[in-house]
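Enquirer: This is a predicted model, with the sequence first.
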Amino acid sequence: MAASVASRGVSSEPAPDLFTSEAEALEQVRSILALPEADAQVYRQSLSGLATHYERLMRETRRLIGRSDRAEREMNALNAQLQTLARQLEYRATHDALTGVLNRGAIIDMTAHALLSTGAVLIVLDIDHFKHVNDEFGHPAGDAVIQGIVACLRRIVGDDGAIGRVGGEEFTVLIPAGQLDEGLRMAEAIRQAIADHVFGHPVNRTITASFGVSANPQGTGFDTAYGLADSALYHAKRAGRNRVEVAEEGE
């Protein structure tokens, strides 16, 4: 058995006693206490030695407690940093870097869940003639326009829905458990807010967007709900843009 233990690299020697000197001092004191005729000088020397060991033990204990406290503070700081990093990574994984709204994957997941649990109204919007903005003024100006569109969306949607960027110039607004009239009012308010917004230099003009709305009962699949809203958006584009269209069943 000893050979077997050694072959596994496990030492059979006992762990070292961290308090060897203290144990020896204590044993010495006990042996002196057991002496029937020990004089005061012997007791005094024994007590002095015990006090010396006790003082050393107290110093070591304070030092170890100090180390432990520092290690705990450092661990708490590292945990806080890790939690902050985890939140940042989660945010980056679910939000669009340019606008700060939900990214495509996150808004699809949220919409699919809302459709399954409560039903939802879906608003799909697309910036009209956005390619012309990029071609005429460059992509930085196009990014500024997208950020301005999102500012309009945030102002109207508020806490009543969730905003997601599903493409370059295409956005989705989710209203969980919403009704069609609620979705139409919100879409029209967003359309008007965008149409009234004058974008800054170098664009220096208004830009419009087109909208499609679908109202979907509980249990509707994402592809069906989004397809209906996207079809309504297509009709808005075909009808002249800068307008809101509602999805019709059977499209």
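Expert: Received it, and whenever you're ready, just let me know what you need.
Enquirer: quick one: least confident helix or strand in the chain?
Expert: The weakest-scoring helix or strand in the chain, judged by mean pLDDT, DSSP states H and E, is helix 2-7 (a mean of 48).
Enquirer: Moving C-terminal from it, which element do we reach first?
Expert: Of the helices and strands lying after helix 2-7 in sequence (DSSP states H and E), the nearest is helix 20-33.
Enquirer: Direction included, what does the helix or strand containing residue 211 pair against?
Expert: Using DSSP H and E, residue 211 falls within strand 209-216. Within its sheet, strand 209-216 is paired with strand 120-127 (antiparallel), strand 244-246 (parallel), according to DSSP bridges.
Enquirer: Would you map the helices across this protein?
Expert: Counting by DSSP state H, one finds helices in the chain at the ranges 2-7, 20-33, 40-94, 104-117, 130-137, 139-157, 180-196, 222-238.
Enquirer: Redo those helices as TSV? Include mean neighbour count and distance to residue 244.
Expert: Backbone N, C-alpha and C define where each C-beta goes, glycine included. Conversion of these to TSV gives the following (neighbours: other C-beta atoms under 10 Å; distance: least, C-beta to C-beta, whole Å):
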stretch	mean neighbour count	distance to residue 244
helix 2-7	9	79
helix 20-33	13	84
helix 40-94	11	28
helix 104-117	18	19
helix 130-137	15	18
helix 139-157	17	13
helix 180-196	18	5
helix 222-238	19	7
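Enquirer: Tell me which of the ones you listed sits nearest to residue 211.
Expert: helix 180-196 (4.5 Å; C-beta to C-beta).
Enquirer: so that closest one versus strand 209-216, what angle?
Expert: Helix 180-196 runs at 170 degrees relative to strand 209-216, counting by axes from the mean of the first three to the mean of the last three C-alpha atoms, to 10 degrees.
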